[in-house]
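Colleague: please find the sequence and the predicted model below.
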Amino acid sequence: MTKIGFLHPGAMGISLAASAKNSGHEAYWISDERSKETRERAEKHQLVDAKSLSHLTQTCSVIVSICPPAAAEDLAKSVAALSFDGLYLDANAISPQRALRIQEIVENTGARFVDGSVIGGPAWKPNNTWLQLSSDYAQEIVQLFSKGPLETNIIGTEIGKASALKMAYAAYSKGTTALLAAILATAEKFNVRNELEAQWAKYEPDFVEEAHARTKRVTAKAWRFAGEMDEIAESFAEAGLPSGFHEAAGEIYQRLADFKGAEKIPELETVLEELLDVKQL
């Protein structure tokens, strides 16, 4: 049995912790400064509260970082400052460049680093969520989730490769959702949304319903996706491609950040009003 520390088990992280427990391992977390929802998730799945980062790094031989992208590097620095020398998995939606920076931070204290990324929603069903891995130590991570339902896939040993795959995947899946939201808001502003949707329906009968559903469904996670778009923009720039599209997508998601924690999926009109709010322009 391996003791694994999860920093920090949000909706996605708690599903990874559940897969680790299902595979016979012990999952730890830190309750300090975490939200009521996070505490309830951790209690429901019987995670062990390490109370402090110091105690977690001393107790756990593996740390899984699963946090908002902008916090990933600082979190790695906090762990490294405590001289953690175990196995560190960064499973965040970060650029390959940031993955390399985090590798350097982590390995400076003698720890081993695995570049990872999660594709799919929270891992509660088999064949639904994949943890992509790239590192010489990736097989050690695979063994921690051997009984699922989280799926694992090693795509190489090069650090940054797993992160690059996530960036390319989310650039389309989440980037186009932001574009759809902006298109609908623009059409609403100029009072042509009905006409636009009628034209869409002539070519793809189900597209209007899909566009509405994607725009409404993304609101709860928009606060997190804003940072992810920044990581994708950085990845595009490193590849020599324009970064502006995903910088704009990040702004779209930032305008929807107030929907975080909403208990119900909002009506489309409410979403479009938030995007067009003149206070944000």
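Modeller: Okay, I see it. Residues are numbered from 1 along each chain as shown.

Colleague: tell me which other helices or strands the host helix or strand of Trp200 touches.
Modeller: Using DSSP states H and E, Trp200 sits in helix 193-203. Under the contact definition 3 or more C-beta pairs under 8 Å, 6 or more residues apart in numbering; DSSP states H and E, helix 193-203 sits against helix 161-189, helix 207-217. The C-beta positions use only the backbone N, C-alpha and C, and glycine is treated the same way.

Colleague: same thing but at 10 Å, please
Modeller: Applying 3 or more C-beta pairs under 10 Å, 6 or more residues apart in numbering; DSSP states H and E, we find helix 193-203 packed against helix 161-189, helix 207-217, helix 268-276.

Colleague: contact partners of that helix?
Modeller: Outside helix 193-203, the residues within contact range by C-beta atoms under 10 Å, 6 or more residues apart in numbering are 183-188, 190, 192, 206-212, 268-269, 272.

Colleague: that helix relative to helix 268-276, how many degrees between them?
Modeller: For helix 193-203 against helix 268-276, the angle between stretch directions is 110 degrees (axes from the mean of the first three to the mean of the last three C-alpha atoms, to 10 degrees).

Colleague: please identify the buried residues of helix 193-203?
Modeller: Within helix 193-203, the residues scored as buried using 16 or more other C-beta atoms under 10 Å are Arg193, Leu196, Glu197, Trp200.

Colleague: ranking the helices and strands packed on helix 193-203 by burial, who's on top?
Modeller: helix 161-189 (a mean of 19; mean count of other C-beta atoms under 10 Å).

Colleague: could you dump the helices and strands packed on helix 193-203 to CSV with distance to Ser83 and mean pLDDT?
Modeller: Conversion of these to CSV gives the following (distance: least, C-beta to C-beta, whole Å; pLDDT from 0 to 100):
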stretch, distance to Ser83, mean pLDDT
helix 161-189, 25, 98
helix 207-217, 43, 97
helix 268-276, 45, 97
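
Colleague: fine by me, thanks again.
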